[in-house]
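Asks: Dropping the sequence and predicted coords here.
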Number of protein chains: 2
Amino acid sequence: MTDVDLEQRAINVVRGLAMDAPHAARSGHQGTAMALAPLAHVLWTRILRYDAADPEWPDRDRLILSAGHASILLYSMLHLTGQGLTLDDLKDFRQWGSRTPGHPERGHETPGVEVTTGPLGQGAGNSVGMAIAERYLRGRFGPDICDHRTFAICGDGDLSEGLSHEAASLAGHLGLDRLVWIYDDNRITIDGPTDLALSDDAAARFRGYGWNVIDLGDAATDLDALETGLRQAIDHEGAPSLVIVRSHVGYPSPNHTDDHEAHGYALKDDEIAATKEILGLPVDEAFHIPDDVLSLYREAGRRGGAAHDEWRSRRDALAPDVRARYEACLAGTVVEGATLDLPSWEPGEKIATRKASERCLQALADAVPGLVAGGADLTSNTGTTFAAEGVQSPAEPGGRQIYFGIREHAMAAAQNGMALHGGVVPVGGTFFVFSDYMRPAVRLAALSGAKSIFVWTHDSVGVGEDGPTHQPVEHLAAVRAIPRLGVIRPADANETAGAWTEAIVADGPTGLVLSRQDLPVLEGTDPDKVRFGAYVLRDPDSAPDLVLVGTGSEVSVCVAAADLLSEDLAVRVVSMPSWDRFAAQDDGYRTSVLPPDVPTLSVEAGTTLGWARWADDAVGIDDFGASAPGALVLERYGMNAENVADRARQLLRSTTSR
Amino acid sequence: MTDVDLEQRAINVVRGLAMDAPHAARSGHQGTAMALAPLAHVLWTRILRYDAADPEWPDRDRLILSAGHASILLYSMLHLTGQGLTLDDLKDFRQWGSRTPGHPERGHETPGVEVTTGPLGQGAGNSVGMAIAERYLRGRFGPDICDHRTFAICGDGDLSEGLSHEAASLAGHLGLDRLVWIYDDNRITIDGPTDLALSDDAAARFRGYGWNVIDLGDAATDLDALETGLRQAIDHEGAPSLVIVRSHVGYPSPNHTDDHEAHGYALKDDEIAATKEILGLPVDEAFHIPDDVLSLYREAGRRGGAAHDEWRSRRDALAPDVRARYEACLAGTVVEGATLDLPSWEPGEKIATRKASERCLQALADAVPGLVAGGADLTSNTGTTFAAEGVQSPAEPGGRQIYFGIREHAMAAAQNGMALHGGVVPVGGTFFVFSDYMRPAVRLAALSGAKSIFVWTHDSVGVGEDGPTHQPVEHLAAVRAIPRLGVIRPADANETAGAWTEAIVADGPTGLVLSRQDLPVLEGTDPDKVRFGAYVLRDPDSAPDLVLVGTGSEVSVCVAAADLLSEDLAVRVVSMPSWDRFAAQDDGYRTSVLPPDVPTLSVEAGTTLGWARWADDAVGIDDFGASAPGALVLERYGMNAENVADRARQLLRSTTSR
C-alpha cells in the first residue's frame, strides 16, 4: 500500500467519524466536516506547526474553525493527532457534560480548541487578533520566541457577516502576512444554494482589502494542490492571504452531496451505509479507526516535538528580566515583583472618568507588558491611547497602540483573539452606545473567558448634543445581563483606578463604563473597595432612615441629595460600581451595605430595569434621551439632587403608609 | 450675475449655515456639511424628485444622510427648499426641544428627515430597504404609482462598518438599480487621516458586490460633474451604483480644511470669519440668506409639484379595491373592511410557537398586503416563509419572500428602511441569540418608530445540542431593556396568534420571541389578552396562596407545577407574554393579576435580571447554557415542574418566616 492510499484511507476515516458522531447524537453537522476532511488532513499532517504532546505550546500555529458547526472535524483531528481528546469524547458528541459540545468552546476542557466559534464571523475576527498578538510578541521578544502563523477556516456564512468585512479590512490595513483564511466555498447555506442570497465575487472583494488571493478552484480533494496553495499563502509577504477552495457538502454521500439538508441534519442509517461503502469503510462499525491510520496521525502529532524542544531551550535562555516580562505577557498580568502603581486624585478635583482611565492605562504600561490598546476611531475620546508605546504596524511589530478604525465588532472579536492567543491583554474603546455593535463578540468573550478589556465611555444622556442616537440608556442593563462579564461603572477617578485593578486581576472580560463629562472626585471613594461591588460611601451618625445607592456619575448626585435631606433625615450613600461583584458577596456583607429594612432609592442615568433587586424605588431613565447640552439633558431627566431628594421623600411616605 | 454665480453663492450660503448653527450651539459637525454643500445643491436643485409642499409624498425620491453627523447640511437644505423647517429651527440646532437635533431623527417632527442616522452604517442599510420597498410597491401597483429612487450619502465610517458589507452585498444580489450610494471619500476620521486605519480600495470592493462604480475623483465642487455622475448612476440598469467623490472636510476654511478637528468641533469665531471672507459672506451676520438664494432653493422645492399633481391623479384613478390595498400598504395595516383571520388551536395539541407563527403569517397575507417576510438564512427554521407570494427579485418585483442571506444586521436595517419608506410591513427572522447581531438596528427601529417585525425563534437553552453559542440566556432582558420596543413571548400557539395581532396593530417595532421546541396548547390561553401583557391563566377556587408567573415555554411548566402543588395550596398561574404591555396597564389591573400581598414566583428560561419588579423570587438561568438534547438541558437548568414546586415551597417558607 502506498502512502497515497493510506492518506486517502485516513481521510475517509475522518469522513466516517464525521458521520458517526452526529449519527450517535442524532444531531450535528456532518456535511462540511466530510467536505473538508482532505483539507484538515493536509493542515494537520503537512502544514501546521504544533506538538500534540502540548496543545498549549505558546509558539504553535493557531488553527481556528470559524465555521464552528463543523466541530466534529476539529474534534476528530484533535483525537487522531493525539492532543488529548479520546474516542469516548467523540462518542459523547453533543451530550451533557461532554468535552465535545455542538460548537467548539474554548475553556471547555477540550484540548486544542483555540476559540469558541459558531456565531458566524467570530472566528474570522478572532484570527485577526491572533495574528496581531503573534506579531506583537515577535516584535517584543523576537522570532526565537514567537514565530508562527494563524489559519482560519471560513464558510459562506462567515464571509457574509459584516464582521468579516471589518476584520478583513483591518487585517489588510495592518499587513498581517502571517494570517491565512481558507474560504470553504461550498455554495450551500441552510436556506439552500447560496445563489438564493449571495452573488459576491469574494476574490475581488478581498483584493479590495489588499489581500493576496489564491483561488484553488475545485481542489478540495487534491491534497498536493491544497498543500501548494497553503504554502503559497504562507510564503506571501506583506499581506494576509485568502485561499479559496470549492468544496462539496456531504461528499461523497450518494444522495446528499451538495444538499443543504446535509448541512444541519444527521444522516440516516442507510445513507451512512451507502456512503461508507463508497468510502471503503466497514458499514457495520461506527467510529472505525484502523491502526495504520491512527499511527499516521499520531506521528503527525509528534512532528513538531523537536521544534518545541528547541523553542523551549531558546525560551529558557532568555535573560531573567526578559523572561519575567514574557511570562507576565503569557499570564496576562503584572510582571512578577512589579506593583500596580496607579494614580490617585484628591477630593475636590474634577475629571471625567474616561480621562482618569487614560491616566491609569499609561501608568500600567510597564507593569503589565501584555497591554495593548486602541479605539474604534475614538482613541482620544475614549482615552485608549498608547501612542508612546508605538503604533502597531509591519514597521513597528511591537507597537502597543492599535488603530482599529470604525470597526467596533472586529475590534472586540480581535481583542478576544489576542486574549485567547495569550501574551496580550487587549484594551478596546468606543462609545458605550456602540457596545451594541460589538455585542456578539462581548458575549463570546464572556463565554470563552477571554480577558478582553472593553472601555465604554460617554456612558449616559450626559453625552448631550449628539442626541439619543449617541446616548446610552438601556446599555447598562444589557451588558449586566451577560453572564460572566464584569461590568464596572466607577463613581469618580479614584474608583476608576480601582476598576482598572479589577480588570487586570480578572480572569475574564471586563467592561469599564466611563463618563464623558467631568465628575467631582468624592470624599470617601475607595479604589480598594471596588472589588466588593458596592460599599458605604457616607454614613450618618445615627441609624439610616434612607439609603441612596448610585453608580458612576450619579453617586455625586446621591451625595448632593443626601446633603439636601440631611436636615431631618439620616441618609446613607452607597456607591455601587459593579452589580456582578456585589452579587458575588455573601449575604452578610450585602445586607450590611443595603439593609433590607431601610428604604432604598437607586439613582442611575439609565433604564431602571433590574434595580428592583437592590432598591425599593429607582430614579432612572426609561426612554430615549434627547439632543441638548449634556448637563441640561441630565437635569431634565431628573438626574439632580432636588429630584432625587423629592423622590426619596415620596419613597419614605409610601413606605410609612404601607 | 449669471446663474453659475448664483449657484456658487447659494452653495456658500449653505456653507455659512453649516458653520453658524454649530457655532451657535457650541457643538456640532460643520466639516462634512461644508464639504458636501455642492453635492447637496446638485441633489436638491437638479436630481431629486420631491415636492417641498408635501415632504411625505409617497412617490418622492428618498435621500438618506447616512453620515448623520452632517445633519446641519440636511436641515439647511430642508429649510432652504421650503419643506417646513424654519430659520428659527436652524438657530435652535442641538437645543432642548428643537426640531433640529444633533443627528437626524425620523419621527421627531423634522419634516423631510427620512430615517434616523448617526450610528454609522445604518442609513446605508436603511437605503437598501427603501429600494426594496420601492420595487415592491412598483411591482404591486405599477410605475404609475411608484417610480422613484433612493440615494444615500455615506462616509468612510459608514463604509467601514460591517453593516455596509452586508447591505451592499444584499443590494448587489437583489440588483436594486434604483439605489445610489454617494461615497464621500474625505479621508478624515475622528482619530485623524483615514490611512491610520483604512486601506480599502472601495471601488474594487463594490465591484465585487456586483455594483456599478462611478469614481468622480476630486469633483466635489464641480456641479456639472456631480450631476453627470449622478445621472449615470440613475441610468444604470441591473445593479446599484456607487458614486465616489473625493471631498475636503471643512473646505474652504483656511486652517481646518482636511483637518480631523474640523469634523467634530465647532469652529471658533476667527476661523469662521476668515472662512466667510473667502466665501464672500458677510462676516458679522450669522445665518445669512440673501433673497435670491432663498428664491433659487424655494423654486427648486416647487420643481416636483406638477409631477406630484399628475401622480395624485393617477392614484385617484386606481380601482377601489386596488386603492384600498394601496392605502393599507401605506398605513402598514389591514385592508379596510378585512379582518385578521388568524388560526386557532385546541388545548392538547402540541406545536412550536415558531410553527404557529408561520401559520399566522400565511393567514395574514391577504389582509395585510404590505407584509413581506424573510429570514437571515433561517427562513424555514424561523417560519418567515412567504414563498407562495413570490421571491423578491428583479424578475419578480412584487415578490414578498426576501432571502436576506446570512446578514442579520442588514436585514434589520433594511426592515427599518422598508418600514420608514412606507408601504411595507417587513418581517425578518433569525435565532434569538443572533438578535445581538442586529441590535443596533433594533434600537433604531424603536427610536424612530419603524414598524419592523422581528421574529426571534429558538428562544432558550431548549435549543439543545447546538450549545451555549446558540442558546439565548440574557437576550430577553436585553431586548426588554430597549425603550419603545414591543417584546412578546407567547406561551403557546394561541397566544402566538394574539402576538401577531399586536404586532400588526402596533405603531412601532415588535419582537416576537418563539420556541424551537413543541409546546402544548394550554387550556385558557387567550389571544385577546396578549394585549394586556399578562393575565390570570388559571385560578384556584379560593384566594391564592401563591402566584406562579411564566412566559413562553415556561407557562406550561408553571401549570404543571401548580398541579403538583394543588393538593395543599391554592395556586394562581399567570401568563405574562409581554412586560412592556403589562407595565402600561393601570395599577388596578396590575395588582388584580399580581396581588402584591401574595408570594409570587417567576419562571423563565433566561436571566432573572429584572424579575424582581414582578416577583418575590425567580426561577431562571443566570449562566450560559450547555450542549445536550434540549429537553435535558431545560431539565438540568431547573425548568421543570418539580423544581418550580420546590422553589415555590421555599418561597412560601421564607415569606412565612419573615
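Replies: Looks like it came in fine.

Asks: Now the element after the helix or strand containing residue A:329, going C-ward?
Replies: Assessed by DSSP states H and E, residue A:329 sits inside helix A:320-331. The helix or strand immediately downstream of helix A:320-331 is strand A:350-352, counting by DSSP H and E.

Asks: Show me what that next one is packed against.
Replies: The helices and strands touching strand A:350-352, judged by 3 or more C-beta pairs under 8 Å, 6 or more residues apart in numbering or on different chains; DSSP states H and E, are strand A:518-520. (Each C-beta comes from the backbone N, C-alpha and C, glycine too.)

Asks: related to what we said a few turns ago, name the helices or strands packed onto the helix holding residue A:329?
Replies: So helix A:320-331, by 3+ C-beta pairs under 8 Å, 6+ apart, packs with helix A:122-141.

Asks: Restricting to C-alpha, output the helix it packs on in CSV.
Replies: The C-alpha trace of helix A:122-141 is given here as CSV (Å, rounded to 0.1, in the frame of the first residue of the first chain):
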residue,chain,number,x,y,z
GLN,A,122,-16.4,35.5,15.0
GLY,A,123,-13.6,33.0,14.3
ALA,A,124,-12.5,35.1,11.4
GLY,A,125,-12.4,38.2,13.6
ASN,A,126,-10.6,36.3,16.3
SER,A,127,-7.9,35.2,13.8
VAL,A,128,-7.0,38.8,13.1
GLY,A,129,-6.4,39.3,16.8
MET,A,130,-4.3,36.1,17.0
ALA,A,131,-2.2,37.4,14.1
ILE,A,132,-1.8,40.7,15.9
ALA,A,133,-0.8,39.0,19.1
GLU,A,134,1.7,36.9,17.3
ARG,A,135,3.3,39.9,15.7
TYR,A,136,3.3,41.8,18.9
LEU,A,137,5.1,39.1,20.8
ARG,A,138,7.5,38.6,17.9
GLY,A,139,8.1,42.4,17.9
ARG,A,140,8.7,42.4,21.7
PHE,A,141,10.6,39.1,22.2
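
Asks: could you check the angle helix A:320-331 makes with that helix?
Replies: If you take axes from the mean of the first three to the mean of the last three C-alpha atoms, to 10 degrees, helix A:122-141 sits at 170 degrees to helix A:320-331.

Asks: So is helix A:122-141 next to chain B?
Replies: No: on the criterion C-beta under 8 Å from any C-beta of the partner chain, helix A:122-141 is out of touch with chain B, staying 8.6 Å away.

Asks: chain center to that helix, what's the gap?
Replies: When distances are taken as C-alpha atoms, centre = their mean, to the nearest Å, helix A:122-141 is centred 13 Å away from the chain's centroid.

Asks: pLDDT averaged over it, what's the number?
Replies: Averaging pLDDT along helix A:122-141 gives 98.

Asks: Could you identify the helix or strand that succeeds that helix?
Replies: Beyond helix A:122-141 in the direction of the C-terminus, DSSP H and E gives the next helix or strand as strand A:150-155.

Asks: Please name every helix or strand in contact with that next one.
Replies: So strand A:150-155, by 3+ C-beta pairs under 8 Å, 6+ apart, packs with strand A:62-65, helix A:122-141, strand A:179-184.

Asks: Now do the contacts for residue A:243.
Replies: For residue A:243, the contact set (C-beta atoms under 8 Å, 6 or more residues apart in numbering or on different chains) comprises A:180, A:181, A:182, A:183, A:214, A:216, A:229, A:230, A:233.

Asks: ok, which stretches of the stretch 201-350 of chain A are strands?
Replies: With DSSP state E, counting those that start in this stretch, the ranges of strands along the stretch 201-350 of chain A come out as A:212-215, A:241-245, A:350-352.

Asks: Name the nearest residue to whatever residue of the stretch 401-550 of chain A ends up closest to chain B, ignoring sequence neighbours.
Replies: Residue nearest to chain B within the stretch 401-550 of chain A: residue A:405 (3.2 Å; C-beta to the nearest C-beta). The shortest distance from residue A:405 to any non-neighbouring residue, by C-beta to C-beta, 6 or more residues apart in numbering or on different chains, is to residue B:197 (3.2 Å).

Asks: for residue A:588, what are its contacts?
Replies: If you count contacts by C-beta under 8 Å, 6+ apart, residue A:588 has none.

Asks: Report whether it is found in a helix, as I expect.
Replies: Yes: using DSSP: H, G, I helix; E, B strand; the rest coil, the secondary structure at residue A:588 is a helix.

Asks: Just the pLDDT at it, thanks.
Replies: pLDDT, residue A:588: 98.

Asks: what does the stretch 401-550 of chain A put close to chain B?
Replies: A:403-410, A:433-434, A:436-437, A:439-440, A:443-444, A:446-447, A:464-470, A:473-474, A:477-478, A:480-484.

Asks: on that earlier part again, for burial, what's the neighbour tally of the residue of the stretch 401-550 of chain A closest to chain B?
Replies: 29 (other C-beta atoms under 10 Å in any protein chain shown).

Asks: same deal with residue A:24?
Replies: Using other C-beta under 10 Å, residue A:24 has 18 other residues around it.

Asks: low-confidence ranges in the stretch 251-400 of chain A?
Replies: Applying pLDDT under 70 to the stretch 251-400 of chain A picks out no residues at all.

Asks: How many residues are close by the nearest residue to residue A:108 once chain neighbours are set aside?
Replies: Take residue A:108 and drop its neighbours on the chain: the residue closest to it by C-beta to C-beta, 6+ apart is residue A:101, 6.1 Å away. For residue A:101, the number of neighbouring residues by other C-beta under 10 Å comes to 30.

Asks: ok, now how distant is the residue in the stretch 151-300 of chain A that chain B sits nearest to from residue B:227?
Replies: Of all residues in the stretch 151-300 of chain A, the one sitting closest to chain B is residue A:162 (2.4 Å; C-beta to the nearest C-beta). In this view, residue A:162 and residue B:227 are 32 Å apart by C-beta to C-beta, to the nearest Å.

Asks: domain assignment for chain A?
Replies: A:3-299, A:349-521, A:530-656 (the TED database).

Asks: Of all those domains, which one is nearest residue B:122?
Replies: Closest of the domains of chain A to residue B:122 is domain A:349-521, at 8.5 Å (criterion: C-beta to C-beta).

Asks: Let me see the contact set for residue A:365.
Replies: Applying C-beta under 8 Å, 6+ apart, the residues contacting residue A:365 are A:371, A:386, A:388, A:389, A:400.

Asks: Same question for residue A:573.
Replies: Residues near residue A:573 by C-beta under 8 Å, 6+ apart: A:536, A:537, A:538, A:547, A:548, A:549, A:550, A:555, A:558, A:559, A:562.

Asks: Let me have the contacts of residue A:243 in CSV, extended by pLDDT.
Replies: Shown next, in CSV, are the contacts of residue A:243 (pLDDT from 0 to 100):
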residue, pLDDT
A:180, 98
A:181, 98
A:182, 98
A:183, 98
A:214, 98
A:216, 97
A:229, 98
A:230, 98
A:233, 98
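
Asks: ok, these vs residue B:134, which is closest?
Replies: The closest of the contacts of residue A:243 to residue B:134 turns out to be residue A:183 (C-beta to C-beta; 33.6 Å).

Asks: Would you mind naming the residues that bridge with that closest one?
Replies: residue A:154, residue A:244 (DSSP bridges).

Asks: if I read this right, residue A:547 contacts residue A:594, doesn't it?
Replies: Yes: between residue A:547 and residue A:594 there is a contact at 6.1 Å, judged by C-beta atoms under 8 Å.

Asks: Quick one, grab the pLDDT at residue A:108.
Replies: pLDDT at residue A:108 comes out at 87.

Asks: From residue B:467, how far out is it?
Replies: 9 Å.

Asks: what do these two both touch?
Replies: Among the neighbours of residue A:108, those also in contact with residue B:467 (C-beta under 8 Å, 6+ apart) are residue A:101.

Asks: And the two? Which one has more around it.
Replies: With neighbours defined as other C-beta under 10 Å, residue A:108 and residue B:467 compare such that residue B:467 has more, 27 against 20.
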